[in-house]
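**Student:** sequence and predicted model, in that order:
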Amino acid sequence: MNLSARSEQLMQSLTQGARFFLLEFPTSPIHIGSVWNIRKSDTVGTQTNEGKSSIVLNTELNCKVIRTEYINGMHHAFIECGSNDLGFTGNIEQQGITMTIDGEGSARGTYAIDLQTGLPLNASLLMEYELRMAATGQEQMIVPVQMTMETIYSRLS
């Protein structure tokens, strides 16, 4: 599947942004039923042959430990996370055209964590975004975009 350069830049930015869904833990010990909130804001950028982009991601995730289980001798914690409060703004430059972008979205996912080391074993995250891309100058256009992206992390060993 060939993506347009604008779509490629946007996908690179959103994929980089998925790293912000890696878990951070509270300072107190977690147990079944523990809940906590993660708030992050950071800038991600991309560079392609066609241009570059810089997007600020604002994320808020609510996390809850739903169960623990021994699997192959390892003690796992299963954590559900979700948010209806994802936001971003930024610019995409391509072939001399600058487009501004803003949008919002939601995410939901499940993580398996090794309770002894705290290392992630696997994770699945589904993110849905509604974006607006606007070009000024001769182009004078606004392009609405809806995106769904599933990110899967798997530890191989």
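**Tutor:** Yep, it's here.

**Student:** and the residue lying farthest from the centre of the chain, which of the three is it?
**Tutor:** In the chain, the residue that sits farthest from the middle, by CA atoms, centre = their mean, is residue 138; the gap is 32.9 Å. Under DSSP: H, G, I helix; E, B strand; the rest coil, residue 138 falls in the coil class.

**Student:** do residue 30 as well
**Tutor:** What three-state DSSP gives for residue 30 is coil.

**Student:** what is the burial count for the nearest residue to residue 104 once chain neighbours are set aside?
**Tutor:** What sits nearest to residue 104 in space, not counting adjacent residues and going by CB to CB, 6 or more residues apart in numbering, is residue 87, at 5.0 Å. The way it works is simple: take the backbone N, C-alpha and C, and place the C-beta from them, glycine included. Applying other CB atoms under 10 Å, we find 15 residues neighbouring residue 87.

**Student:** what pLDDT does the model give residue 87?
**Tutor:** The pLDDT attached to residue 87 in the predicted structure is 88.

**Student:** just residue 157 next, same as before
**Tutor:** Confidence for residue 157, expressed as pLDDT, is 61.

**Student:** what's the answer for residue 6, then?
**Tutor:** pLDDT at residue 6 comes out at 53.

**Student:** now do the helices in the protein.
**Tutor:** 5-18 (DSSP state H).

**Student:** the nearest residue to residue 125 once chain neighbours are set aside: neighbour count?
**Tutor:** Nearest in space to residue 125, with sequence neighbours left out and distances taken as CB to CB, 6+ apart, is residue 109 at 3.5 Å. When neighbours are counted by other CB under 10 Å, residue 109 registers 23.

**Student:** residue 109 contacts residue 80, correct?
**Tutor:** Yes: under the criterion of CB atoms under 8 Å, residue 109 makes contact with residue 80 at 7.4 Å.

**Student:** okay, and the common contacts of the two?
**Tutor:** Here residue 109 and residue 80 have no joint contacts, going by CB atoms under 8 Å, 6 or more residues apart in numbering.

**Student:** low-confidence stretches in the chain?
**Tutor:** Scanning the chain for pLDDT under 70 picks out 1-22, 48, 50, 137, 139, 157.

**Student:** if we use 90, what do you get?
**Tutor:** The model of the chain has pLDDT under 90 over residues 1-31, 38-61, 71-74, 83-101, 107, 113-127, 129, 131-145, 147-157.

**Student:** no further questions, thank you.
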